[in-house]
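[1] Sequence first, then the predicted structure:
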Amino acid sequence: MTTLKNIAVTCLAVTALIGTTYASAQTDSGTADSSSLSPKKEIRAQNRQLAKTVRHALTHTKDLTSSGITVLARGGIVTLDGTVPTDEEIQVATNVASNVPGVHAVTNNLLMQEEGH
């Protein structure tokens, strides 16, 4: 009789072990899918990161007042909008943005700030 009990307990233990392993595998694969971004979200994240990198480069450029510059990035194309105090800074901003890795083109819509504004 004890042999039958031992076999039954062993079968239950093996079944529980297999079930736990299967459930763990399901949880791991489900976690991997939910943590990966959809293609649209991934592209948006890349665009945000590129715009942030360009803003950082503009902010840390000597002789450039970047506080009036807005940066938009889409697929490697960066658009600069806003105003800067001098004409020279318009070109400086374009050059700086062009040299950021990942930037393929720069659309410069910057204007020279009017006196008194």
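    Yep, that arrived. Residues are numbered from 1 along each chain as shown.

[2] how about low-confidence regions in the chain?
    Along the chain, the model assigns pLDDT under 70 to residues 1-35, 116-117.

[3] All the helices of it, residue numbers only.
    Using DSSP state H, the helices of the chain run over 2-35, 39-59, 87-98.

[4] Which residue ranges make up each domain of this structure?
    Split into domains by automatic domain parsing, the chain comes to 1-36, 39-112.

[5] got the phi/psi numbers for Pro101?
    As for Pro101, its main-chain torsions (degrees, to the nearest 10) stand at phi -60, psi 130.

[6] same thing with Gly75?
    Torsion angles, degrees, to the nearest 10, at Gly75: phi 60, psi 40.

[7] One more: Leu37?
    With angles defined as degrees, to the nearest 10, Leu37 sits at phi -90, psi 150.

[8] Tell me how far it lies from Gly102.
    Using C-beta to C-beta, to the nearest Å, we find Leu37 at a distance of 18 Å from Gly102. For every residue, glycine as well, the C-beta is placed using N, CA and C.

[9] Excluding chain neighbours, what is closest to Met112?
    Spatial nearest neighbour of Met112, chain neighbours left out: Asp87 (5.5 Å); criterion: C-beta to C-beta, 6 or more residues apart in numbering.

[10] same check, this time on Leu110
    Ile90 is the one closest to Leu110 (C-beta to C-beta, 6+ apart), at 4.7 Å.

[11] who touches the one you found in this structure?
    Listed by C-beta atoms under 8 Å, 6 or more residues apart in numbering, the contact set of Ile90 reads Val84, Asn108, Leu110, Leu111, Met112.

[12] show me the contacts for the second one.
    Taking C-beta under 8 Å, 6+ apart as the criterion, Asn108 is in contact with Leu80, Ile90, Ala93, Thr94.
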